[in-house]
Every structure is written in structure tokens, then in C-alpha cells.
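**Student:** kindly return the folded structure for what I paste below:
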Amino acid sequence: MHPISIVIPVYNVAPYVERCMDSIVHQTLQDTEVIFVDDHGKDDSIAIVQRFIQTHRLSKAWHIIATPENSGPGIARNIGIEQASGQYIAFCDADDWVEPTMYEQLYDLAQNQNADISSAAAILDYPDGSHRLMLNPEVGSGEVSLEQRRYLLSHFVSNFTTMLFRREWLNQYSIRFPQARSGEDSSFMGQCYLVAQRIAQTNQPLYHYVIHEDSISHRTHVWRGKDKRKAFGALIDFAKLNGLCPTFRKELIFIYIKKALLTTIKEWIH
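**Tutor:** Next up, the predicted model:
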């Protein structure tokens with residue numbers, strides 16, 4: 001078993017994917033599985049990945065799989081989860097990059113705390129060369145109390161690429177990204193925070209979100225209300241399945257109104 005599996009959806013990221021791979025190949029954590037999921041883009045991203053693997057003579061732990069057809073990043077990540085063999089699963093976007101010690105630090109944190117989720121902070125890299133720190137809501141490391149869970153559900157952001165997730169735990173609760181092309185990341189994190197028993201946190205920034213004109217999450221004037229309602233409907237279904245709606249009814253209503261309705265309107269009129 002590998003310590004971690006890193007799942008990377010690949011779709012029209014030719015200008016960025018080599019930097020992403022270079023940051024992963026230089027990780028201090030050894031014996032990492034890296035799964036690239038080809039989501040059938042129109043550029044030569046996958047050819048770049050193939051050349052990189054061949055040039056660096058990487059082991060079979062670096063491999064490429066594919067979605068049946070273009071399906072969006074959520075479905076691509078789900079396919080990666082099914083193929084992963086690591087004790088923990090990480091997700092990286094192919095246009096981002098990570099610090100050399102990121103996965104070793106998060107793995108050690110998770111092991112020390114016996115955590116379901118281990119998280120770091122992130123840096124937003126803007127085209128003009130400026131940077132901004134992005135933190136996850138902080139509750140400390142250890143067992144998650146009821147009050148802490150309420151806080152996480154009310155304040156979380158979808159920085160799932162800054163985290164490790166214990167694979168057996170994801171499968172135990174069937175935690176997956178919903179079949180939607182918007183809001184799927186927040187829905188996934190909502191599921192995780194509903195049932196995580198132990199977490200581990202550091203505020204050290206280890207992940208770099210690269211902001212550029214092609215970023216899917218920064219397209220404006222595109223109506224994504226239907227997809228968002230579908231994504232957060234899936235979150236509520238997950239809560240119902242696990243008998244959690246009575247306990248977290250207020251938090252779930254808040255999430256749905258904020259992320260499925262108000263965020264969609266804000267994006268549309270921005």
C-alpha cells in the first residue's frame with residue numbers, strides 16, 4: 001500500500017501541467033502513487049504527462065486513466081478514488097503546484113493524530129505576481145466535537161486540495177463528488193465535515209492555487225444554478241442517509257442558501 005495516492009484531473013492544462021508534475025516528483029515523501037485522469041480535453045495535456053513520465057523514468061505508481069467521456073472534474077476525481085490504493089488520498093489540480101514537503105507533512109500529521117482529514121493552508125498566486133494566504137477554518141487537531149463540527153459546517157471553504165483524506169474512511173461513508181459541474185467541491189467537503197471523527201491541521205501554506213484567465217472557477221456570467229442545486233441536494237441526501245439532518249438542520253439550510261442560491265446569483269451579476 002502506498003502512503004498516499006494523488007488524484008489529478010487533466011483537462012486543457014497544457015501551459016501548467018508540467019510545473020504541477022515537477023512539484024510532485026520532487027516531494028520528500030517517497031513511494032507516492034500519482035493518478036492522472038484524462039477528461040478528454042482539446043489540447044496536448046495528456047501527451048505532456050506521458051512525456052514527463054517517460055523522461056523521468058517514473059515507476060508504475062505514476063499512471064494515466066480516463067473518464068469514458070468529458071465529465072467534469074468531480075467525476076474524474078471519483079474515478080481516481082476508485083483506482084487509488086494509498087492509505088490516504090490527495091487531490092491536486094493540474095494547473096496548481098505544491099511545496100516539496102507538503103505531502104510528507106500532511107501524512108505525518110494524519111498519522112500522529114489518527115485523522116480522517118489532514119489539512120494545510122494555501123497561497124493564491126495571482127498573474128501580477130502578488131499572493132494571498134488562504135486558511136481553512138481552524139478548530140485544532142484531534143477528535144471533532146459537536147460544537148467544532150457546527151463551526152466547520154458553517155465556515156468551511158472548499159480547499160479540499162490542501163488536504164489528505166483517509167481512503168478507507170471515504171469508502172466507509174461512500175463520500176464522493178456529486179455528478180455536477182459546479183459546487184461539487186463544496187458538497188464533497190460538506191460530506192467530509194459531517195462525518196469526520198478526527199482531523200489534523202497546520203496553518204503552514206503548502207499548496208499554491210494558481211489564478212489565471214482560464215480557471216473554471218473564475219468564469220463569470222455563466223448560470224450554474226441547476227448544477228449547484230444538484231450538488232448541494234446531494235449533500236442533504238448524504239446527511240439524510242446518515243441520519244444527520246435533525247442534528248445539523250440549521251447548518252444544512254445555511255449551506256444550501258449560501259452556496260446553492262446566493263453564490264450563484266452573485267456570480268451571475270458580478
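
**Student:** so Gly74 touches Gly183, yeah?
**Tutor:** No: under the criterion of CB atoms under 8 Å, Gly74 makes no contact with Gly183, lying 9.2 Å away. From N, CA and C alone the C-beta is placed, and that goes for glycine too.

**Student:** okay, those two: which has more neighbours?
**Tutor:** Between Gly74 and Gly183, Gly183 has the larger neighbour count (other CB atoms under 10 Å), namely 28 against 23.

**Student:** got a list of what that one touches?
**Tutor:** Arg224, Asp227, Lys228, Lys230, Ala231, Phe232, Lys259, Ala260 (CB atoms under 8 Å, 6 or more residues apart in numbering).

**Student:** try 10 Å
**Tutor:** Contact partners of Gly183, counting by CB atoms under 10 Å, 6 or more residues apart in numbering, are 74, 158, 177, 190, 224-225, 227-235, 259-260, 263-264.

**Student:** so how far is Ala260 from it?
**Tutor:** Gly183 sits 7 Å away from Ala260, going by CB to CB, to the nearest Å.

**Student:** what is in contact with the two at once?
**Tutor:** By CB under 10 Å, 6+ apart, Gly183 and Ala260 have these common neighbours: Arg224, Gly225, Asp227, Lys228, Arg229, Lys230, Ala231, Phe232, Gly233, Leu235.

**Student:** out of these, list just those in strands.
**Tutor:** Judged by DSSP state E, strands contain none of those.

**Student:** including pLDDT and neighbour count, could those go into CSV?
**Tutor:** Listed next are the shared contacts of Gly183 and Ala260 as CSV, based on pLDDT from 0 to 100; neighbours: other CB atoms under 10 Å:
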residue, pLDDT, neighbour count
Arg224, 68, 18
Gly225, 77, 16
Asp227, 86, 20
Lys228, 89, 24
Arg229, 90, 18
Lys230, 92, 18
Ala231, 93, 26
Phe232, 93, 25
Gly233, 93, 16
Leu235, 96, 24
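
**Student:** closest to Leu170 out of the residues you listed?
**Tutor:** Ranked by distance to Leu170 (CB to CB), these are led by Leu235 at 15.2 Å.

**Student:** packing partners for the lengthiest helix in the chain?
**Tutor:** For the chain, the helix that runs over the most residues, judged by DSSP state H, is helix 225-241. Other helices and strands packing on helix 225-241, by 3 or more CB pairs under 10 Å, 6 or more residues apart in numbering; DSSP states H and E, are helix 184-195, helix 249-255, helix 263-269.

**Student:** helix or strand: which one has Arg51?
**Tutor:** Following DSSP states H and E, one finds Arg51 within helix 45-55.

**Student:** what residues of that helix count as buried?
**Tutor:** Residues of helix 45-55 classed as buried by neighbour count (16 or more other CB atoms under 10 Å): Ser45, Ile46, Ile48, Val49, Phe52, Ile53.

**Student:** tabulate these (CSV), appending pLDDT and distance to Asp125.
**Tutor:** Output for the buried residues of helix 45-55, formatted as CSV (pLDDT from 0 to 100; distance: CB to CB, whole Å):
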residue, pLDDT, distance to Asp125
Ser45, 97, 20
Ile46, 97, 24
Ile48, 98, 20
Val49, 98, 21
Phe52, 97, 21
Ile53, 97, 25
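
**Student:** now for the residues you listed: which two are most distant?
**Tutor:** For the buried residues of helix 45-55, the maximum inter-member distance is 13.0 Å, found between Ser45 and Ile53 (CB to CB).

**Student:** identify the contacts common to the two.
**Tutor:** Contact criterion CB under 10 Å, 6+ apart; residues shared by Ser45 and Ile53: Phe36.

**Student:** need phi/psi at Gly142.
**Tutor:** As for Gly142, its main-chain torsions (degrees, to the nearest 10) stand at phi 130, psi -160.

**Student:** returning to what we had before: only C-alpha atoms, please: export the helix holding Arg51 in PDB.
**Tutor:** The C-alpha trace of helix 45-55 is given here as PDB (Å, rounded to 0.1, in the frame of the first residue of the first chain):
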ATOM      1  CA  SER A  45      -2.100  18.000 -21.900                       C
ATOM      2  CA  ILE A  46      -2.000  14.200 -21.700                       C
ATOM      3  CA  ALA A  47       0.800  14.000 -24.200                       C
ATOM      4  CA  ILE A  48       2.800  16.300 -21.900                       C
ATOM      5  CA  VAL A  49       2.000  14.000 -19.000                       C
ATOM      6  CA  GLN A  50       3.100  10.900 -20.900                       C
ATOM      7  CA  ARG A  51       6.400  12.500 -22.000                       C
ATOM      8  CA  PHE A  52       7.100  13.600 -18.400                       C
ATOM      9  CA  ILE A  53       6.600  10.100 -17.100                       C
ATOM     10  CA  GLN A  54       8.800   8.600 -19.800                       C
ATOM     11  CA  THR A  55      11.500  11.200 -19.500                       C
END
